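S.K.: Prediction below, plus the sequence it came from.
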Amino acid sequence: MNIIYWLWFTLKENITEKTRIALLERYKNAKNIYDAEKIDGIHNISDKAVDDLLDKSLDKANAVMHKIENMGGYIVTIEDEEYPPLLKNIYDPPCVLYMIGEHIKWEELLTVTVVGTRTHDDYGRRATEHFARELAKMGATIVSGMARGIDSIAGITAIKTGGKTVAVLGSGLDVIYPPEHAGLYQSIRKNGVVITEYPPGTRPKRENFPRRNRIMAGLSYGILVTQAPEKSGALITANYAVENGRDLFVVPSDIFNIHSVGSNRLIRQGAKAVMTAEDITGEYPYIKVTPLSEKIAKTIARDKLKELDLTALNDLQVQIVKALNNEPMTSDEISRHTGVASFEVNSELMMLELQGIIKKINGNIYELI
C-alpha cells in the first residue's frame, strides 16, 4: 500500500518545497524514493534532507495513519483515483490529503471557491449569503477555508440551503481553527468534507494559510471574491486562481467602501464582475449538475440541521443568547450590548442560526427560537 510511503515522505521535516518537487521529478513517486539506497541527482539538497530520506523507519507514518483512522478520517495520495483531478493540475499539488467526511466524486461536482474578508460589512454578508445560497440551489459545491467572516458565511449558507460544502484547513484535522467554528466543522464533515495537507497535531501557523489557499483555488473551476479590502488573504487565493488558469469572479461594490478596495481592483485587473449566480454557472455549461428544487432544498436543509452536533456554546454565544432572552435585537445592538466587535458577533450569530438556536426576522433582527 503506497499510502504509507507517501506519509513517510511528506512527514520528513527537512524536505523543502523545491527539494520535494525535484525528488518527485527524479524518482516519480514516494515508493521509489523510499527504496533508493542513496539519494543522487538532486541539486542543492541539504545533508539533513539526505539523512531524513535514508531513515527508512515507518513508525511515524503508521502512527499518523492510525490516528486519522481513529478520527474517522481517511487519506488520499496524489496517486489515488479519489484525488481531486483539478487539484492535481496545479503547480506543486499536495502529495497527501487528509480528509474527514464524505467520499467525494470530484469529477461530478461544479466546485466554486468563495472567499473574502474576515471584517466584512453588511453588504459583504448579504452578497455572500446570496451567491452561496443561489449557487447551492443550482447544484454547485461551495469551497471555503472555514475562516472567520466571509468563508464561514459561505459554508453555513450552503449547508442551510441543503447544498454541499468543502472546507480546507491550515492546520491538522484534529486542530479546529478558529476554535469557535467547532460546530461548523462538524456540520461540514456531515454535509461534505474537510480537507488539509497538514498531518494531525499541526497548529495553525501563519505561513500555513497562503499554502492552504492554493488548495482552495486548485479544487475549483472558479473563485468568487465577494468582498476584500486592499490587504486580504482572499487576494492570495485570487492570485493562485490566475496563476493556475482558474476563472476569477468578483462581486462589485461601492468604490468608496474600504472593505471592497481589493475586490474592486481585481475587476479593474480583468476579473469578471458578477451580479447573479448564473453569471458564474453559465461559464460551465459542460458540467452537469442537478439543481435543488425549493421544496427539496428546504427538506434537505431541515434534515441536515437536525443532524448537527450541537456542541457546547462558547462564551460569546452564551452572551448573545442571554441578550436575546430579553428581546429581539439587531446585530449592532448585540455588539454594543456585549462589547464585542460586530464582525465577531456576526460570525457567532451565523453559527447560532445554523444550530437552530436563533432566527433572523425583519432583515437584520434576531430572536431566540
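M.R.: Received, thanks.

S.K.: The spatially closest residue to Asp121 that is not a sequence neighbour: what secondary structure?
M.R.: Nearest residue to Asp121 in three dimensions, chain neighbours excluded: His259, at 5.0 Å (C-beta to C-beta, 6 or more residues apart in numbering). Every C-beta, even on glycine, is put in place using the N, C-alpha and C of the backbone. For His259, the secondary structure call by DSSP: H, G, I helix; E, B strand; the rest coil comes out as helix.

S.K.: What of Thr290?
M.R.: The three-state assignment at Thr290 reads coil, by three-state DSSP.

S.K.: Let me see the backbone angles for the nearest residue in space to it that is not next to it in sequence.
M.R.: Distances taken as C-beta to C-beta, 6+ apart put Gly139 closest to Thr290, at 5.0 Å, once the chain neighbours are dropped. Backbone geometry at Gly139, expressed as degrees, to the nearest 10, gives phi 100, psi 0.

S.K.: And Ala136, by the same measure?
M.R.: Ala136 adopts backbone torsions of phi -60, psi -40, taken as degrees, to the nearest 10.

S.K.: Correct me if wrong: it contacts Ile156.
M.R.: No. Counting by C-beta atoms under 8 Å, Ala136 does not reach Ile156; the two are 11.0 Å apart.

S.K.: So, low pLDDT: which residues of the stretch 151-300 of the chain?
M.R.: Applying pLDDT under 70 to the stretch 151-300 of the chain flags the ranges 293-300.

S.K.: nope, the stretch 1-150 of the chain is what I meant
M.R.: 1.

S.K.: can you give me the strands in it?
M.R.: Applying DSSP state E, counting those that start in this stretch to the stretch 1-150 of the chain gives strands spanning 74-77, 96-101, 111-116, 141-144.

S.K.: Same check on the stretch 151-300 of the chain?
M.R.: Counting by DSSP E, counting those that start in this stretch, one finds strands in the stretch 151-300 of the chain at the ranges 165-168, 192-196, 222-227, 247-250, 272-273.

S.K.: Not counting the second one itself, show me its contacts.
M.R.: When you say that, I think you mean strand 192-196. 97-104, 141, 146, 164-173, 185, 188, 202, 212, 215, 219 (C-beta atoms under 8 Å, 6 or more residues apart in numbering).

S.K.: Mind giving me the PyMOL select for those, buried ones only?
M.R.: In PyMOL, a selection of the buried entries from these looks like this (16 or more other C-beta atoms under 10 Å):
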select buried, resi 97+98+99+100+101+104+141+146+164+165+166+167+168+169+170+171+172+173+185+188+202+212+215+219
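
S.K.: Measure how buried the residue lying closest to Met351 once chain neighbours are set aside is and give me the count.
M.R.: Leaving out its chain neighbours, the residue that sits closest to Met351 by C-beta to C-beta, 6+ apart is Gly183, at 5.6 Å. Close neighbours of Gly183, defined as other C-beta atoms under 10 Å, add up to 22.

S.K.: any idea how far Gly183 lies from Leu352?
M.R.: Between Gly183 and Leu352 the distance is 9 Å, computed by C-beta to C-beta, to the nearest Å.

S.K.: for Asn326, same thing?
M.R.: For Asn326 relative to Leu352 (C-beta to C-beta), the value is 16 Å.

S.K.: Which one's more surrounded, the two?
M.R.: Leu352 (22 against 9).

S.K.: Show me what the helix or strand harbouring that one packs onto, helices and strands only.
M.R.: Following DSSP states H and E, one finds Leu352 within helix 342-354. Applying 3 or more C-beta pairs under 8 Å, 6 or more residues apart in numbering; DSSP states H and E, we find helix 342-354 packed against helix 150-161, helix 182-190, helix 315-324, helix 331-338, strand 358-361.

S.K.: possible to save those as JSON lines with distance to Asp279?
M.R.: As requested, the helices and strands packed on helix 342-354 are exported to JSON lines (distance: least, C-beta to C-beta, whole Å):
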{"stretch": "helix 150-161", "distance to Asp279": "17"}
{"stretch": "helix 182-190", "distance to Asp279": "26"}
{"stretch": "helix 315-324", "distance to Asp279": "35"}
{"stretch": "helix 331-338", "distance to Asp279": "28"}
{"stretch": "strand 358-361", "distance to Asp279": "26"}
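
S.K.: Comparing these, which stretch has the densest surroundings?
M.R.: Most buried of the helices and strands packed on helix 342-354, by mean neighbour count (mean count of other C-beta atoms under 10 Å): helix 150-161, with a mean of 27.

S.K.: count of residues packed around the nearest residue to Lys12 once chain neighbours are set aside?
M.R.: Leaving aside its sequence neighbours, Lys12 sits nearest to Asp52 (C-beta to C-beta, 6+ apart; 4.3 Å). Neighbour count for Asp52, taken as other C-beta under 10 Å: 18.

S.K.: distance of Asp52 from Ile358?
M.R.: Taking C-beta to C-beta, one finds Asp52 at 51 Å from Ile358.
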